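Colleague: next comes the sequence, and after it the predicted model I'd like to discuss.
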Amino acid sequence: MDTREAAERFVRVWERAWATHDVAALLELYAEDCVHRSMPFREPHRGRAALGAYLRWSFVEERVTGVRFSAPVVAPDGVAVAEFLVLAEEDGVPSTLAGCVFARFDEEGRAVETRDYWHTADGHREPTGRLFFR
C-alpha cells in the first residue's frame, strides 16, 4: 500500500471512528508495535494495547458532536500529516479541539509511529483563518 492510500484511509477511519468512539476500528489502523505520542512531552504509548487504553480513557467523558479531518499531506518517505477539528462536550460543557497528526506508515499501510499536536478552546468555534492548510 502506498503512503497516500494509507494516509487517506487513516483520516477517513479516524473521522468516522472518533465520532463514535470506535476504538477497535482505530486500532486496526496501527501496527502491533506502534508508538503514539499524544503530546510532545508525554511518555509515548507503545503498542496497540497501550494506545487502546489511552483512547478508551480519552473518550470516557467526551460526547462528540462533530469531527473533521483535512486531506492528508503526503511526503515521499512514508510520512503524512493531517489537521483535525473536533466539537465535543464534557460534562455538558462544549469545547473545540483542533490539531494535527503526523503518521509514518509501514509497507502494509499501518501506522508505526504517530504524533499529535493539539489545542482546546471553550465553546464550539472555528479556528481563525482557513480551517485546513490544503
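Modeller: Sure, I can see it. Numbers count the residues shown, from 1 in each chain.
Colleague: what about the helices in this protein?
Modeller: 3-20, 23-27, 48-59 (DSSP state H).
Colleague: and the contacts of the second one?
Modeller: Outside of helix 23-27, the residues within contact range by C-beta atoms under 8 Å, 6 or more residues apart in numbering are 13-14, 16-18, 48, 51-52, 55-56, 59. Placement of C-beta: from N, CA and C, glycine included.
Colleague: go again using 7 Å as the cut-off
Modeller: Outside of helix 23-27, the residues within contact range by C-beta atoms under 7 Å, 6 or more residues apart in numbering are 13-14, 17, 48, 51-52, 55-56.
Colleague: next: the longest one.
Modeller: The contact list for helix 3-20 (C-beta under 7 Å, 6+ apart) reads 25-26, 29, 64, 67-69, 72, 74, 78, 80, 82, 86, 103, 105, 109, 111.
Colleague: now render the helices of the chain as JSON lines, adding mean pLDDT, mean neighbour count and distance to R37.
Modeller: Putting the helices of the chain into JSON lines (pLDDT from 0 to 100; neighbours: other C-beta atoms under 10 Å; distance: least, C-beta to C-beta, whole Å) gives the following:
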{"stretch": "helix 3-20", "mean pLDDT": "96", "mean neighbour count": "18", "distance to R37": "16"}
{"stretch": "helix 23-27", "mean pLDDT": "98", "mean neighbour count": "16", "distance to R37": "16"}
{"stretch": "helix 48-59", "mean pLDDT": "96", "mean neighbour count": "15", "distance to R37": "11"}
